[in-house]
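1. I'll drop the sequence and a predicted model, then ask my questions.
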Amino acid sequence: MFDLSSVTGWIHGWLSGIMPSWLATTTECVLVALFLLIAYSVLAMIYIMYERWVCGWIQCRRGPIRVGPGGSLQIFADVFKILTKEIITLWSTDKFLFFLAPFLVVLASVLTFACLPWGKGFQVIDFNIGVFFIIAVSSIGVLGILLAGWSSNSKYTLIGAMRSGAQMISYELSVGISILTVVCLAGTMSITGLVEAQADGWFLFKGHLPAVVAFIIYIIAANAENNRGPFDLPEAEHELTAGYHTEYSGIHYGLFYLAEYLNLFVVSGIASLLFLGGWMPLHIPGWEGFNAVMDYIPSTLWFLGKAFFMTFIFMWIRWSFPRVRIDQMLALEWRYLMPIGLVNLVVMAVVVTQGWYF
Amino acid sequence: MADLKEQIGKLCPQAQFDTEGEFLLITIDDAQWHPLAVSLKRELHFDQLMALVGMDWGEALGVMCYLTNTESGDIVHVKVSTANRETPRLHSVSDVWAVANYQEREVYDFFGIVFVNHPDMRRFFLRNDWVGHPLRKDYDASPEKNPLRLDDETNEDYTCSWVEDDKGNVTKKHGLVFDFDEYVINFGPQHPSTHGVMRYRVSLDGEIVKKVDVVSGYIHRGIEKMCESLTWPQTLLYTERMDYMAAHINRHCLCLCIEKAMGLEVPRRAELIRLMMDELMRLSSHLLSYGCLTMDQGTTTAFFYGFRDRELIYDIFDRTCGARMSMSYSTIGGVVADVHPDFVNDVRHACDVIEKNMKEYHQLFTGNVIARNRMVGVGTLSREQAVDYCITGPSGRASGVHCDVRKTHPYSRYEEFDFDEVTRTGGDSMARYMVRMDEMLQSIKILRQACDKLEQEGIQGEYCAKVPKMIKLPAGHWYQQVEASRGAFGVYIESDGDAKPFQKPYRMHFQTPCFNLIGVVDLTCRDNMIADLITITASIDFVIPDIDR
């Protein structure tokens, strides 16, 4: 399989040759940041169109078809519109916090976005505590949402923000526990280590029942973490008009929108990292020919393909289920998901110590 | 009728009776009205106040109350007049029949009749700074009195009631709508889930709803007032602008009422066509209600499914009536034109498709665990409450009230058809939803039988009776009820028997089902959550133009 670290290594070598090493590192940082931001916005655009087409397909309609061939240019029209809209601020808002909030939300999603395993040897942040870092930075997002709801000084946004605080903090536990279950199986928290450990089979297949349970818990909790699907209470359109971002307009609203879609990609990416092998191709032990063919598919394609597949599942859930009520949502987390997750973690520990996994 | 007269005569010797009209008429003074109301309800089981019609008879103001016995189906009406025009006062019966609460507020708004001992005598439809009471015959409509006001209407934070003490002295008292420290949030008039320009002021405790104050009248058009300046056929037009999801049915009702007053015989085939249109309308309305209920709970996909199948019905309307929304199809004496030659085939096709797709609706939504958790046991309305608040239609039948006018007082050949009245006993949002879903199957059953009948009686044929060019009604008053998509729709007409060429109604009142439905919003939503408020109002399923006539 082609190792992308040879490309990055070559760039590093070339830059070090023509400039001092501190400048080379700085240049690399700038290049990486640029790459991330471009990938971030391009993926957001792809995701918005992806959702609109999938949603249209589920709802027996065609989705956007007018602008460009098959509606493919629709997103540029949308982005242009949102960029040119007036930014309205109400006199009663707390201006500083009001403007700060969308950036905090975007910051959280960019930081988690940077941790994803893009391909073999193509990894931006890779510590030995990689997964912990993801859990830590993803919780900054809820701060932005709470600030948005509070600083808008409106009753609707306040209810939305309070709902979102209760929801995201609760479901973070389940996400954390299901991630820990996988860490327990892998024996490492490093993202590269997690992917490498799945070379002879993805964790979903390797880890027996506890891995499957963790996967299901992760899907439910990540949906809630993301304020999507049956858990879109913080912005429940039919109850709170737009929840915590009711008072935002123009690009500030656009930032929330952007972060929402990118978070969808991020949780899909993490799901594929933890359960579906990240960029690791599908390997079946003993089928050497098959494995060799699979290795020919570039690792980045594997990763993106898995993330898109996971996203499809998230969209499918979103467009099929009604919205849960706040008390039911909290009951689901505290009475069912978290206890099951904890028991599952123990079961996984037993499985690992007894060596019952494949 | 004679029995009733005797029994009521025993209860209240001062009452005067008139057995000439279609129902027994009781005339009574205001002083005896409240005791009579209590005994009518307790002794003779007249437990439902169908309609409370404000009247201006020239020398005095007053009300006409139509009462039903929900067990026997007997109907009587009571005429109560005020002592004078200057300080018109009547005793409130809102403690006897809960539905009278909003009904009396409407009468106060339009006639200025003050109801003594009414808990909350605010205006219901008009702005609180409106001058005069528009449905009075001496109302001054000049623009100087009520100019176009460009300032915002202030919130009414105080209720107002006239309380009578033991000695008969009436004093005006004020109360608070909400306490000063309550967290009051405004729902509407622009809100995604109020299904139109309805406004609630909701007092919240965290996520829990403590009280809902309904602020209505944002699209009130004064249809009853406008009808008083139109000829009888012209008034038909407005019926379709009330509940636009029951356009045919409402128009059918007014046609029936005018035909009854004229003594006009309508061709049987025309009645059959009207009936088929009514059932198609009901089907389309319930599909819409399925769509809206599911969408309000976040299932946008189900909304599209419901709308997809409504297209079939609209195409049928389009081919026969030439319009999709306000069809203007029924007319005095029958229908305006014969049906399209493919009508029967189209109806059969639509029935087949909808019946098949019903399974898909249930698979997508009804069995879903989240949907069940959101609807079962939420917003329960007991049978007694439903009767007390005069909740009819699917919402009433979900509470176990047998209130289907098609069964209790059949009209337009409904007695020839084999169908079931769908009732449930839960009274919660789920029961209301399921009654609608099951009623769609019954409508399909009726339509299939009607298709067979129409084929026997001729795909093309007689569709309208011979009607005089100038329609004149004798002096008198008539009341007609039909089963509209959301409940019993009633029309009250009064004619003064004017001999001039273009006779106009003296008074026309529409007793719309949604007006009563809005009365239980506070009752059912209290101590539930914000999300339940949306579920309950969606399952009660009102259409705002039907409230704001």
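-> Looks like it arrived, so ask away. Numbers count the residues shown, from 1 in each chain, chains lettered A, B, ... in the order given.

2. Please make it C-alpha for all contacts and neighbour counts, starting now.
-> Noted.

3. Now do the contacts for residue 87.
-> No chain specified, so I'll use chain A. A:248, A:249, A:250, A:251, A:252 (C-alpha atoms under 8 Å, 6 or more residues apart in numbering or on different chains).

4. Let me rephrase: I mean chain B.
-> So residue B:87 contacts residue B:113 (C-alpha under 8 Å, 6+ apart).

5. now swap in residue B:119 and tell me
-> By C-alpha under 8 Å, 6+ apart, the residues touching residue B:119 are B:101, B:159, B:160, B:161.

6. Put together JSON lines for the residues you listed, with neighbour count, distance to chain A and pLDDT on each row.
-> What follows is those, written out as JSON lines (neighbours: other C-alpha atoms under 10 Å in any protein chain shown; distance: C-alpha to the nearest C-alpha, whole Å; pLDDT from 0 to 100):
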{"residue": "B:101", "neighbour count": "22", "distance to chain A": "28", "pLDDT": "89"}
{"residue": "B:159", "neighbour count": "15", "distance to chain A": "24", "pLDDT": "84"}
{"residue": "B:160", "neighbour count": "17", "distance to chain A": "28", "pLDDT": "84"}
{"residue": "B:161", "neighbour count": "21", "distance to chain A": "31", "pLDDT": "85"}
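
7. Restricted to strands, list those residues.
-> B:159, B:160, B:161 (DSSP state E).

8. Quickly name whichever of the contacts of residue B:119 is closest to residue A:140.
-> Of all those, residue A:140 sits closest to residue B:159, with 47.3 Å by C-alpha to C-alpha.

9. who does that closest one bridge with?
-> residue B:175 (DSSP bridges).

10. so it makes contact with residue B:124?
-> No - the criterion here is C-alpha atoms under 8 Å, and residue B:159 misses it with residue B:124 at 11.8 Å.

11. Chain neighbours aside, what residue packs nearest to residue A:115?
-> residue A:125 (5.3 Å; C-alpha to C-alpha, 6 or more residues apart in numbering or on different chains).

12. my bad, should have said residue B:368
-> Per C-alpha to C-alpha, 6+ apart, closest to residue B:368 is residue A:321, 7.6 Å.

13. Please list all residues in contact with that neighbour.
-> Contacts of residue A:321 by C-alpha under 8 Å, 6+ apart are A:229, A:230, B:298, B:299, B:365, B:368, B:370.

14. Just the ones in strands from these, please.
-> Per DSSP E, the contacts of residue A:321 never map to strands.

15. Reformat these into CSV and put neighbour count next to each item.
-> Converted to CSV, these look like this (neighbours: other C-alpha atoms under 10 Å in any protein chain shown):
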residue, neighbour count
A:229, 23
A:230, 24
B:298, 28
B:299, 24
B:365, 20
B:368, 15
B:370, 18
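
16. Let me have these in TSV, adding pLDDT and distance to residue B:444 as columns.
-> Output for those, formatted as TSV (pLDDT from 0 to 100; distance: C-alpha to C-alpha, whole Å):
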residue	pLDDT	distance to residue B:444
A:229	75	34
A:230	85	33
B:298	83	28
B:299	85	25
B:365	87	21
B:368	87	25
B:370	88	29
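
17. For residue A:328, state which of those residues is nearest.
-> Of all those, residue B:370 has the smallest distance to residue A:328: 8.8 Å, by C-alpha to C-alpha.

18. Counting neighbours, what do you get for residue B:345?
-> 12 (other C-alpha atoms under 10 Å in any protein chain shown).

19. does it belong to a helix or a strand, and which?
-> Assigned by DSSP states H and E, residue B:345 falls within helix B:343-361.

20. Residues contacting that helix, please?
-> B:302, B:305, B:309, B:312-313, B:316, B:320, B:441, B:444, B:447-448, B:451, B:454-455, B:459.

21. Need the CA coordinates for that helix. PDB is fine.
-> This file holds the C-alpha atoms of helix B:343-361, laid out as PDB (Å, rounded to 0.1, in the frame of the first residue of the first chain):
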ATOM      1  CA  PHE B 343     -64.600  10.700 -12.400                       C
ATOM      2  CA  VAL B 344     -65.600   7.300 -11.100                       C
ATOM      3  CA  ASN B 345     -62.400   5.700 -12.400                       C
ATOM      4  CA  ASP B 346     -60.300   8.400 -10.900                       C
ATOM      5  CA  VAL B 347     -61.900   8.000  -7.500                       C
ATOM      6  CA  ARG B 348     -61.500   4.300  -7.600                       C
ATOM      7  CA  HIS B 349     -57.800   4.700  -8.500                       C
ATOM      8  CA  ALA B 350     -57.200   7.200  -5.700                       C
ATOM      9  CA  CYS B 351     -58.900   4.900  -3.200                       C
ATOM     10  CA  ASP B 352     -56.700   2.000  -4.300                       C
ATOM     11  CA  VAL B 353     -53.500   3.900  -4.100                       C
ATOM     12  CA  ILE B 354     -54.300   5.500  -0.700                       C
ATOM     13  CA  GLU B 355     -55.400   2.300   0.800                       C
ATOM     14  CA  LYS B 356     -52.200   0.600  -0.300                       C
ATOM     15  CA  ASN B 357     -50.000   3.500   1.000                       C
ATOM     16  CA  MET B 358     -51.800   3.600   4.400                       C
ATOM     17  CA  LYS B 359     -49.700   0.500   5.300                       C
ATOM     18  CA  GLU B 360     -46.500   2.500   4.500                       C
ATOM     19  CA  TYR B 361     -47.700   5.400   6.700                       C
END
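
22. how many other residues sit next to whichever residue of the stretch 201-350 of chain A sits closest to chain B?
-> Nearest residue of the stretch 201-350 of chain A to chain B, counting by C-alpha to the nearest C-alpha: residue A:322, 4.6 Å away. Other residues lying near residue A:322 total 29 when counted by other C-alpha under 10 Å.

23. contacting residues for it?
-> A:230, B:294, B:297, B:298, B:299, B:365, B:370, B:371.

24. Was I right to think the third one contacts residue B:535?
-> Yes - using C-alpha under 8 Å, residue B:297 makes contact with residue B:535 at a distance of 6.8 Å.

25. Get me the contact residues on chain B for chain A.
-> Selection of chain B residues close to chain A by C-alpha under 8 Å from any C-alpha of the partner chain yields B:185, B:191-193, B:207, B:294, B:296-302, B:304-305, B:364-365, B:368, B:370-371, B:374, B:530-531, B:534.
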